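**Q** Based on what follows, work out the 3D shape:
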Amino acid sequence: MRFGLIGRRLSHSYSKLIHEKLGRYRYGLIPLEADELESFVLGGDWAGLNVTIPYKQDVIPLCGELSDRARRIGSVNTLVRRDDGTIFGDNTDYDGFCAMADEIGVDFADKKVLILGSGGTSLTVQAVVADRGGQSVVVSRSGENHYGNLHLHSDADIIVNATPVGMFPDTDARPVDLAGFPACRAVLDVIYNPFYSRLILQARKLGIACNGGLTMLVAQAIRAAELFAGIPVPDGLIRGIREDLMSDLFNIVIIGMPGCGKTTVGKQLAAEMGLDFADTDEAVEQAAGMSVPDIFDYLGEAEFRQMEAEQAQRLGKDHKLVIATGGGIIKDPLNYERLKQNGFIVLLKRDLRLLSIKGRPLAKDRKEVMQLYRERMHLYEDFADIRISANCPIDEVVAAIRERIGR
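**A** Below you'll find the model as predicted:
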């Protein structure tokens, strides 16, 4: 493999997909243990490599030459083997982080920037902040500034997560609670899997300008590709590649009242789009070994909601699924984060007179349906990215969804 990514755990990486969208070379994922790193870098058959956790500093002694930027930062994420066999190390994360900040208009000048983490990515962030006139406060597990005294920095203007906290597979984690930072006006999270980390989703909820790590990943990859191929990549590709990648991998999550057709629509949508189908109620039944009505009867609604939340989190961090949800999924506000992390949420809206109530434990008659509607409709609206009428034949509902999402 002439080009690729080296690191320890790479199953979550999108780098191969991004580089292949550039269409210039074959690109592979190359997981390495620490005792394999030196022999591969010095003796492997490669022309260009990207480097990720935990080797961004370990590869520095293996380089014959470093760019001025990589030397100053003390972190390398791109290696190029020159014609004479020597290895050149650069830091294209710098370009990626600049693009990530610039996309949402973050100005670091004279701002207090709280940087969570002290590893290789943190070093890059610190360099950008310094170059742009900001003041960095680096938080780590120990030292002067740590997670036990974050209250001393509640006046931070900008927060950057440069840790893996919240990254796949532990996507239900969040490094800090933004409620403790009333002065914060921008949040940048280098995590790209999931697309929307818990930190980013909280920032959005609080109305704080924010951006996730996918922009950074794409931008640094484009700069690395220029170094690999020796020719510039056209401007304007960052947004296009990022949106293509999200479109390829997004889940489509269907919510709505009981009996509105979520499962039927979801199965047909998945079949037409070549995606896998999942149903949160079916997942709960499989895990519990009993039907949803029986769970309500024997274990109670609270136990069902807990099991439902577990399945929402499990399915939500996956990719390329059509997920039909139970009608009450919106009763737990945290289910929004579980489903939104990699998902696009579609609300099916159907006339109450057309809703099927057979086998619905909380909607056994039309009066109960009306009561549920009054209680839940504002919650459905809060979850939804788009709204689709389900008063027409299934084919038309599916076509409407595909048209609205551009697929």
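**Q** just the helices in the stretch 1-150 of the chain please.
**A** 15-22, 34-43, 68-73, 93-103, 120-131 (DSSP state H, counting those that start in this stretch).
**Q** and if you look at the stretch 301-407 of the chain?
**A** 301-316, 334-340, 366-383, 394-405.
**Q** got any ranges where the protein has weak pLDDT?
**A** 1, 356-366 (pLDDT under 70).
**Q** Could you spell out which stretches of it belong to which domain?
**A** 3-90+220-244, 95-216, 250-405 (automatic domain parsing).
**Q** how far away is D177 from Q311?
**A** When distance is defined by Cβ to Cβ, to the nearest Å, D177 is 26 Å away from Q311. C-beta coordinates here come from the backbone N, C-alpha and C atoms, glycine included.
**Q** Give the residue from the two that has the larger number of neighbours.
**A** Q311 (25 against 10; other Cβ atoms under 10 Å).
**Q** wait, the more buried one sits on V284?
**A** Yes: assessed by Cβ atoms under 8 Å, Q311 is found in contact with V284 at 5.5 Å.
**Q** Let me have the helices of the stretch 301-407 of the chain in CSV, adding distance to Y147 as columns.
**A** Converted to CSV, the helices of the stretch 301-407 of the chain look like this (distance: least, Cβ to Cβ, whole Å):
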stretch, distance to Y147
helix 301-316, 24
helix 334-340, 21
helix 366-383, 31
helix 394-405, 39
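**Q** how many neighbours does R338 have?
**A** Using other Cβ under 10 Å: R338 sits among 28 other residues.
**Q** Then L10?
**A** For L10, using other Cβ under 10 Å, the count is 18.
**Q** which one is it nearest to, not counting chain neighbours?
**A** Spatial nearest neighbour of L10, chain neighbours left out: L29 (4.4 Å); criterion: Cβ to Cβ, 6 or more residues apart in numbering.
**Q** Do I have it right that the one you found meets S13?
**A** Yes: shown here, L29 and S13 form a contact pair, counting by Cβ under 8 Å, at 5.9 Å.
**Q** The two: who's more crowded?
**A** Neighbours were counted for L29 and for S13 using other Cβ under 10 Å; S13 has more, 19 against 16.
**Q** Need phi/psi at that one.
**A** Taking degrees, to the nearest 10, you get phi -80, psi 140 for the backbone angles of S13.
**Q** gap between it and Y27?
**A** Distance from S13 to Y27, by Cβ to Cβ: 11 Å.
**Q** Next, the contact list for the nearest residue to W46 once chain neighbours are set aside, please.
**A** Nearest non-adjacent residue to W46, counting by Cβ to Cβ, 6+ apart: R2, 6.0 Å away. Listed by Cβ atoms under 8 Å, 6 or more residues apart in numbering, the contact partners of R2 are Y25, R26, D45, W46, A47, G48.
**Q** can you redo these as TSV with distance to E301 and neighbour count?
**A** What follows is those, written out as TSV (distance: Cβ to Cβ, whole Å; neighbours: other Cβ atoms under 10 Å):
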residue	distance to E301	neighbour count
Y25	55	16
R26	52	11
D45	59	8
W46	56	19
A47	59	16
G48	56	20
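**Q** joint contacts of L29 and S13?
**A** In contact with both L29 and S13: L5, using Cβ under 8 Å, 6+ apart.
**Q** Now the two most distant members of the contacts of R2.
**A** Comparing all pairs in the contacts of R2 by Cβ to Cβ, the longest separation belongs to Y25 and D45, at 13.8 Å.
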